[in-house]
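Undergrad: Here is a sequence with its predicted model. Questions after.
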Amino acid sequence: MARTVLAGAAPRNDLRAIAGWAILVIGAGALAGSLIGGIGGRLAMLQLRRESPLAVGLTSDAGFEIGRVTLAGTLGLVVVTGVLGAAFGVLYAIVRLGLPAVARVPAAALVGGTFGGHSFLDPDGIDLLVLGPRWLAVAAFVALPALAATVAAAAIERGARERPWPLPLALPARAVTATRALVTALVAIFIAAQATALADVIDRLPS
């Protein structure tokens, strides 16, 4: 009877560990995304609006009326950035296994800053045409996703030290080394590509 109980305990423990990791990665990403990307983004837009009184009343690239702050609009922004943050948390939790521990959080910050900045900066949109100062707009759109990614990754790494990955892969040492080299190279290539695209977008911004 004791053996039956012990045999059934392992799968239950694995499920609890997996559930704990799911809560960790989704929660860390969603919280960082909604607070830093959502609330922080709203505060940055308010500051830009204060510096650009002529932009009040115009429609932003995201479909919001510049200068008008509504609860529905703010909640919508928080939800969207929270979902994006949760997706990043899941992706990071998978990719981190192939990266050296020392490179994980810096890589997350670079991915967040380059990919986020490249995605949110639109040289053909109205935001950067009517909102200023332009350096603040560019800095906000790059720094906020970089900071959100950094906080999410740091929270996941802290959680990983307290609860090991529930499904360790028993791979030979050479396979682990080769996998880490491949994943590191792919992440580096992705960051370089996004940084190049971001630099191109910044270069095309209206002067």
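TA: The structure has been received and is ready for your questions.

Undergrad: Give me the distance between residue 38 and residue 102.
TA: Relative to residue 102, residue 38 is positioned 30 Å away (criterion: Cβ to Cβ, to the nearest Å). C-betas here are computed from N, CA, C, even on glycine.

Undergrad: Which one of these two is surrounded by more residues?
TA: Higher neighbour count among residue 38 and residue 102: residue 38, with 24 against 8, using other Cβ atoms under 10 Å.

Undergrad: pretty sure the more buried one contacts residue 81?
TA: Yes: contact criterion Cβ atoms under 8 Å: residue 38 and residue 81 qualify, at 4.0 Å.

Undergrad: Look at the spatially most central residue of the chain and report its pLDDT.
TA: Central residue of the chain (Cα atoms, centre = their mean): residue 149, 3.8 Å from the mean position. pLDDT for residue 149: 97.

Undergrad: Which of the helices or strands spans it?
TA: helix 134-162 (DSSP states H and E).

Undergrad: Could you figure out how far the next helix or strand after that helix is turned away from helix 134-162?
TA: Sequence-wise, the next helix or strand downstream of helix 134-162 (DSSP H and E) is helix 173-204. Angle, helix 173-204 to helix 134-162, by axes from the mean of the first three to the mean of the last three Cα atoms, to 10 degrees: 160 degrees.

Undergrad: Run through the neighbouring helices and strands of the lowest-mean-pLDDT helix or strand in the chain.
TA: Every helix and strand of the chain was ranked by mean pLDDT, DSSP states H and E. The lowest is helix 127-130, at a mean of 70. If you count contacts as 3 or more Cβ pairs under 8 Å, 6 or more residues apart in numbering; DSSP states H and E, helix 127-130 packs onto helix 134-162.

Undergrad: From the chain's centroid, how far away is the helix it packs on?
TA: 6 Å (Cα atoms, centre = their mean, to the nearest Å).

Undergrad: One more: stretch 43-54?
TA: For stretch 43-54, the distance to the chain centre is 24 Å (Cα atoms, centre = their mean).

Undergrad: now do stretch 23-38
TA: 8 Å.

Undergrad: Outside of that stretch itself, list whatever touches it.
TA: Stretch 23-38 is contacted from outside by 74, 77-90, 92-93, 144-145, 147-149, 151-152, 155-156, 159, 163, using Cβ atoms under 8 Å, 6 or more residues apart in numbering.

Undergrad: Buried residues of that stretch, list them for me.
TA: 24-38 (16 or more other Cβ atoms under 10 Å).

Undergrad: Ok, stretch 115-126 next?
TA: Buried-residue list, stretch 115-126, by 16+ other Cβ under 10 Å: 115-118, 120-122.

Undergrad: pull the CA atoms of the helix or strand residue 106 falls within into PDB?
TA: Counting by DSSP H and E, the element that carries residue 106 is helix 104-120. Taking C-alpha atoms only, helix 104-120 is exported to PDB below (Å, rounded to 0.1, in the frame of the first residue of the first chain):
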ATOM      1  CA  ARG A 104      20.100  35.200 -19.700                       C
ATOM      2  CA  VAL A 105      19.000  38.500 -18.100                       C
ATOM      3  CA  PRO A 106      21.200  40.700 -20.300                       C
ATOM      4  CA  ALA A 107      19.900  38.800 -23.400                       C
ATOM      5  CA  ALA A 108      16.300  39.400 -22.300                       C
ATOM      6  CA  ALA A 109      17.000  43.100 -21.800                       C
ATOM      7  CA  LEU A 110      18.500  43.400 -25.300                       C
ATOM      8  CA  VAL A 111      15.600  41.400 -26.900                       C
ATOM      9  CA  GLY A 112      13.100  43.600 -25.100                       C
ATOM     10  CA  GLY A 113      14.700  46.800 -26.100                       C
ATOM     11  CA  THR A 114      15.500  46.100 -29.700                       C
ATOM     12  CA  PHE A 115      12.400  44.100 -30.600                       C
ATOM     13  CA  GLY A 116      10.100  46.400 -28.600                       C
ATOM     14  CA  GLY A 117      11.600  49.500 -29.900                       C
ATOM     15  CA  HIS A 118      11.500  48.300 -33.500                       C
ATOM     16  CA  SER A 119       7.900  47.200 -33.100                       C
ATOM     17  CA  PHE A 120       6.600  50.300 -31.300                       C
END
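
Undergrad: No more questions from me, cheers.
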